[in-house]
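In: the following comprises the amino acid sequence and a computationally predicted model.
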Amino acid sequence: MTVVRESVLAVQGLRKTFGAVTAVDGISFEVRGGEIFTIIGPNGAGKTTTLEMIEGLQQPDAGEITILGMKWDRSRNAIKMRIGVQPQTSALFDLLTVEENLETFASFYDRKRQVEEILDYINLADHRGKRVKVLSGGQKQRLAIGLAMINDPDLIFLDEPTTGLDPQARRNIWDIVLKLRSLGKTTILTTHYMEEADKLSDRVCIVDQGRIVALDTPKALIGQLTREREIHLTFTEGDIPAAEAESIALGNPAVTRVKREGDHLIVWSIKPEETLYGLFGFTTERSIQVEQVSIREMSLEDVFIAYTGKEWRD
Ligand SMILES: Nc1ncnc2c1ncn2[C@@H]1O[C@H](COP(=O)(O)OP(=O)(O)OP(=O)(O)O)[C@@H](O)[C@H]1O
């Protein structure tokens, strides 16, 4: 059975320029209920500007935004009640405690979740009495997400919630994002981290220079790439067996390219299993020992490079 989920956000032809800079250059997409939808792109790609226009914080030069069936110009208050925007950590009240920050934000809304419940979701119950100024970067980000959840929104916006955090603190944020999905919430996330987009997202929208270069599930984006895979082999007995294996690999029609650096051989093949089978046939026959073998999986980073021709930098 196919479950058709309703559209919670539709963006059509969004544009924004700042003087000579076109920050957002005709962006269109649709987000369905319950999705984690990630906008990823390098610095200056237009992620924040796109998000802020959708959040009603910046006025687009052109384009249409429909949130939960409503438009900003006609239903500003109704939209604000049903969305949650993660504030910058600099907007938290430094001298108030975690709990007091949550209570203050809760007082702005009629519909709200219990502070207790939010403390559990963001895993800060043990730190509820601490002032914000003594929290770690990761704890501040978790509190900021908690503040975005306080009005029990249907749609939550998280703008680079993990930038600058260490790997463990980033994972703690991922857990919260996944919890949001299990609560049935829709999350729109921006990030520079490809691995994060891959792990968390139902769909990823890759932007570069204000335009969408690719949009799909991480699996589909990676699957659309060439079937070519990179095989790495390191030979125990050094350069000579590696050079022989190089010539065997070059004779395989599935192999598109070979590169050898001393005892290390890299083989690009559109049929990696078949190529490896051939190479292992040769090494077994010649009693050549292979120290290490690996096949590099394609990632969203390869998708970005394939679509833009540019290297990715975090
Ligand atoms: N208020 C502004 N005035 C002038 N230029 C702006 C303004 N806001 C954004 N820009 C420019 O628009 C482009 C897109 O910026 P934006 O912040 O949306 O990108 P981003 O993808 O969020 O980048 P980052 O990952 O660095 O946050 C950049 O070239 C930026 O310098």
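Out: Structure's in. What do you need?
In: please tell me how far Glu291 sits from Thr38.
Out: Using C-beta to C-beta, to the nearest Å, Glu291 is found at 38 Å from Thr38. In this view, the C-beta of every residue, glycine as well, is placed from N, C-alpha and C.
In: please say which of the two ends up with more neighbours.
Out: Thr38 (28 against 11; other C-beta atoms under 10 Å).
In: list the contacts for the more buried one?
Out: Thr38 is in contact with Ile188, Leu189, Thr190, Thr191, Glu196, Ala197, Leu200, Ser201, Arg203, Val204, Cys205, counting by C-beta atoms under 8 Å, 6 or more residues apart in numbering.
In: wait, what's in contact with the residue at minimal distance from the centre of the chain?
Out: In the chain, the centroid-proximal residue (C-alpha atoms, centre = their mean) is Ala197; its distance is 2.0 Å. Contact analysis of Ala197 by C-beta under 8 Å, 6+ apart lists Thr38, Ile40, Thr191, Val204, Pro218, Leu300.
In: out of these, which is most surrounded?
Out: Going by other C-beta under 10 Å, Thr38 tops these with 28 neighbours.
In: pLDDT-wise, what's the bottom of the contacts of Ala197?
Out: Among the contacts of Ala197, Leu300 carries the lowest pLDDT, at 89.
In: quick one: that one from the ligand, how far?
Out: Distance check for Leu300 against the ligand: by C-beta to the nearest ligand atom, to the nearest Å, it reads 16 Å.
In: let's have the contacts of Thr38 in TSV, adding secondary structure and distance to the ligand.
Out: Output for the contacts of Thr38, formatted as TSV (DSSP: H, G, I helix; E, B strand; the rest coil; distance: C-beta to the nearest ligand atom, whole Å):
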residue	secondary structure	distance to the ligand
Ile188	strand	13
Leu189	strand	12
Thr190	strand	7
Thr191	strand	9
Glu196	helix	13
Ala197	helix	13
Leu200	helix	17
Ser201	coil	16
Arg203	strand	18
Val204	strand	14
Cys205	strand	12
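In: shaky segments in the stretch 1-150 of the chain?
Out: Low-confidence segments of the stretch 1-150 of the chain, defined by pLDDT under 70: 1-5.
In: mind listing the helices for it?
Out: Shown for the stretch 1-150 of the chain, the helices assigned by DSSP state H, counting those that start in this stretch span residues 47-54, 72-82, 98-106, 115-121, 137-149.
In: who are the packing partners of the second one?
Out: In terms of contacts (3 or more C-beta pairs under 8 Å, 6 or more residues apart in numbering; DSSP states H and E), helix 72-82 is packed against strand 62-67.
In: buried stuff in the helix ranked longest in the chain?
Out: Longest helix in the chain, counting residues (DSSP state H): helix 167-182. Within helix 167-182, the residues that count as buried by 16 or more other C-beta atoms under 10 Å are Ala169, Arg170, Asn172, Ile173, Ile176, Val177, Lys179, Leu180.
In: surely the fifth one and Leu124 touch.
Out: No - applying C-beta atoms under 8 Å as the test, Ile176 and Leu124 come out as separate, 10.3 Å apart.
In: overlap in contacts, these two.
Out: Arg142.
In: ok, back up a step: gap between the residue nearest to the centre of the chain and Val204?
Out: 5 Å.
In: identify the contacts common to the two.
Out: Thr38, Ile40, Pro218, Leu300.
In: so of these, which ones are in strands?
Out: Thr38, Ile40 (DSSP state E).
In: in JSON lines, list the shared contacts of Ala197 and Val204 along with distance to Tyr307.
Out: Shown next, in JSON lines, are the shared contacts of Ala197 and Val204 (distance: C-beta to C-beta, whole Å):
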{"residue": "Thr38", "distance to Tyr307": "16"}
{"residue": "Ile40", "distance to Tyr307": "12"}
{"residue": "Pro218", "distance to Tyr307": "14"}
{"residue": "Leu300", "distance to Tyr307": "10"}
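In: the ligand contacts on the stretch 51-200 of the chain?
Out: His192 (C-beta under 6 Å from any ligand atom).
In: the same query, at a cut-off of 8 Å, please.
Out: Leu51, Glu52, Asp159, Glu160, Thr163, Thr190, His192 (C-beta under 8 Å from any ligand atom).
In: phi and psi next, for the residue of the stretch 151-300 of the chain found nearest the ligand.
Out: Going by C-beta to the nearest ligand atom, the ligand is nearest to His192 of the stretch 151-300 of the chain, at 5.7 Å. Backbone torsions of His192, given as degrees, to the nearest 10, read phi -100, psi -10.
In: can you count the residues close to it?
Out: Every residue meeting other C-beta under 10 Å relative to His192 is counted, giving 18.
In: next: Leu14.
Out: Around Leu14 there are 23 residues (other C-beta under 10 Å).
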